[in-house]
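Asks: Quick one: sequence and predicted model below, then my questions.
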Amino acid sequence: MSDPRPSPAALGGRARTLPNRWDWIALPLVLGAVLAIVHGAREMGGSLESVVETPISLSPAMLPDYALQTTLRMFAAMAASLVFTFVYGTLAAKSRRLEKLLIPILDILQSVPVLGYLSFSVIFFLRLFPGSAVGAELAAIFAIFTSQAWNMAFSFYQSLRTIPPDLQEATRAFRFTRWLRFWRLEAPFATPALVWNMMMSMSGGWFFVVASEAITVGGRSVLLPGIGSYVATAIFQRDLAAIGYAIACMVIVIGLYDQLLFRPLVAWSAKFRFEELMAATQPRSWLLLLFQRARATHFLVAPLRLLRHPFLILGAPAPHAHAAPSMRRERLKDIVWYALIGAGLTAAIWSIFSYVRTGIGWSDLAETLLLGLFTSARVFSLILLASLVWVPIGVQIGLRSRLAEKVQPLIQFLAAFPANLLFPFAVLGIVHFDLQPGIWLSPLMILGTQWYILFNVIAGTMAFPADLQHASANLGIRGWLWWKRVMLPGIFPYYVTGAITASGGSWNASIVAEVASWGDTTLVSRGLGAYIQEFTDAGDYPRIVLGIVVMAAYVTACNRLLWRPLYAFAERRLRIS
């Protein structure tokens, strides 16, 4: 007769799925996050008329609800940015011909200011969902996406281009499919830098949250409930107390998603560092440790882990080595490909010229080119200043994971701090001391510049192999020689990525930094950002397009002549292999 009692193995398996003391903390966190998402999504699904007619309240009691809706928009944009990053960055890194097209397009996309996208996306989404707040929500999410996606795509592209050759050869030896190679080598190798750029992207979204939620294009105003519209209303009404409440709310929200999302991601991504010796200290996260110890939570998410296995075998096997294709055939393909690109570029230029030439003369073009010189001078000065300040600081933070844990929330908050909140103090100070706006408004642009460099330098330092650090210490390499021969070459590819995105961030910041308002007082600094802001408010679309095209031309020329050669040098001479 068989024994009806369960076997010890069955008892052990059942015990591993029963809740333990850690589940009593983990499960409420999961359920609370789900309920918050459901509540926020329901609030965002009303009619457009109700949104327009409901004024933004400056009561502090409304801030939790506003903060939830802003955060949901930012995470929706982050999800879209991740998908864009994986697809766009992979295509640019793996195809020589597509790279020649996609990277210049990315240069142009990151140079187009958020207001430039809003000028056209708002009308598109409102017409796509007439009478529904969904259209305005999608327009805001798209605007935040444009402040998040580009630096993530650049980071992912740079990481894929600098994967050590021996790791790539190992995947070919094991005959990984392209899909398996992506998830087992390429995405993990890029993860540490990508996580830090995701943090920068979230901060970039906060920087432009006012522009994305307080939409004014061509005389049409839509204030979506959120912290951005709360700040815009407080600035318009000169309510310093409300601005203080908004800053306090931002501190709390940034601290929460730092602890609940980014700190666990940083600790988790540390296992993907390319090194033979483990670093002396590793990033830690109480939340990651909590979910690793919780039993029932593991059981609940097990079906999600099982779903990934069928996808890992998809894709064509990696091709075997074969004879090199004929040079003549490859040259013919290049000629056809570049001819198609040239034809498309010519058609685009002609379309833009046909659109903006009505009512615009050569004097307008000359004016925008001159204004672009003023703004570019500010951009280069601020990038140089930010590099001198933040490269050494970023290296020191990256070398000390315990220090990184302490300052991570602080630098996220500083990077997320909207320049608009400093406008009252800047305007009052400039007016009181009778200062020159063209000079003293420029420091506001550095808020959109320095953080890209700092975050990428930290990511590059943390990804620098610990065995190379130990080797340099054993050889007695110190001081300036250590910077010149060890650390600066090691982080240079990451710095270039940060500098490229910093350039685009500075041009974007010029839109909000060259025009500062406090109530009825408005100060204007002469530049291309102020030009675009002026005609965006007026709804003059030909001049908006002209300003955006000139800005894109400046950024693209800078990237082609300066940053792209540095990128190629870093890939060719400074790759760790």
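Replies: Okay, I see it.
Asks: which secondary structure elements does the helix or strand harbouring V253 contact?
Replies: V253 belongs to helix 240-257 when elements are defined using DSSP states H and E. Helices and strands touching helix 240-257, by 3 or more CB pairs under 8 Å, 6 or more residues apart in numbering; DSSP states H and E, are helix 63-94, helix 187-207, helix 227-236, helix 401-416. Any C-beta I mention is one placed from the backbone N, CA and C, and that applies to glycine too.
Asks: want to throw those helices into a markdown table with mean pLDDT, mean neighbour count and distance to G460?
Replies: Converted to a markdown table, these look like this (pLDDT from 0 to 100; neighbours: other CB atoms under 10 Å; distance: least, CB to CB, whole Å):
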| stretch | mean pLDDT | mean neighbour count | distance to G460 |
| --- | --- | --- | --- |
| helix 63-94 | 92 | 20 | 17 |
| helix 187-207 | 84 | 25 | 7 |
| helix 227-236 | 85 | 24 | 31 |
| helix 401-416 | 77 | 18 | 13 |
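Asks: Output those in TSV, with distance to L385 appended to each entry.
Replies: Converted to TSV, the helices and strands packed on helix 240-257 look like this (distance: least, CB to CB, whole Å):
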stretch	distance to L385
helix 63-94	28
helix 187-207	18
helix 227-236	27
helix 401-416	16
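Asks: Which one, of these, ends up nearest to L101?
Replies: Counting by CB to CB, L101 lies closest to helix 63-94 out of the helices and strands packed on helix 240-257; the figure is 8.6 Å.
Asks: roughly how far is that closest one from the heart of the chain?
Replies: 8 Å (CA atoms, centre = their mean, to the nearest Å).
Asks: Following the chain onward from it, which element is next?
Replies: Taking DSSP H and E, what comes next after helix 63-94 is helix 96-111.
Asks: list the helices and strands that following helix packs on?
Replies: With contacts taken as 3+ CB pairs under 8 Å, 6+ apart, helix 96-111 sits against helix 63-94, helix 149-161, helix 327-356, helix 488-513, helix 541-558.
Asks: Out of those, which gets nearest to P283?
Replies: helix 488-513 (17.2 Å).
Asks: Kindly calculate the angle that that closest one makes with helix 541-558.
Replies: 160 degrees (axes from the mean of the first three to the mean of the last three CA atoms, to 10 degrees).
Asks: now helix 488-513 and helix 149-161, what's the angle there?
Replies: Going by the same axes, to 10 degrees, helix 488-513 makes 170 degrees with helix 149-161.
Asks: mind starting the numbering at 343 from now?
Replies: With 343 as the first residue, the last one maps to helix 830-855.
Asks: could you check the angle helix 438-453 makes with helix 830-855?
Replies: 40 degrees.
Asks: buried ones in helix 830-855?
Replies: 832-855 (16 or more other CB atoms under 10 Å).
Asks: Check the offset of that helix from the chain's centre.
Replies: Put simply, helix 830-855 sits 11 Å off its chain's centre (CA atoms, centre = their mean).
Asks: thinking again about what came up before, next, format the helices and strands packed on helix 438-453 as TSV and append distance to L598.
Replies: Formatted as TSV, these follow (distance: least, CB to CB, whole Å):
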stretch	distance to L598
helix 405-436	9
helix 491-503	22
helix 669-698	44
helix 830-855	25
helix 883-900	35
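Asks: so which of these comes closest to Y909?
Replies: helix 830-855 (5.4 Å).
Asks: Dump the C-alpha coordinates for stretch 378-386 into CSV.
Replies: Written as CSV, here are the backbone C-alpha positions of stretch 378-386 (Å, rounded to 0.1, in the frame of the first residue of the first chain):
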residue,chain,number,x,y,z
ALA,A,378,-1.5,53.2,-8.8
ILE,A,379,-1.1,52.5,-12.5
VAL,A,380,-4.8,51.6,-12.9
HIS,A,381,-5.9,54.7,-11.0
GLY,A,382,-3.7,57.0,-13.0
ALA,A,383,-4.7,55.5,-16.3
ARG,A,384,-8.3,56.0,-15.5
GLU,A,385,-7.7,59.6,-14.6
MET,A,386,-6.0,60.2,-17.9
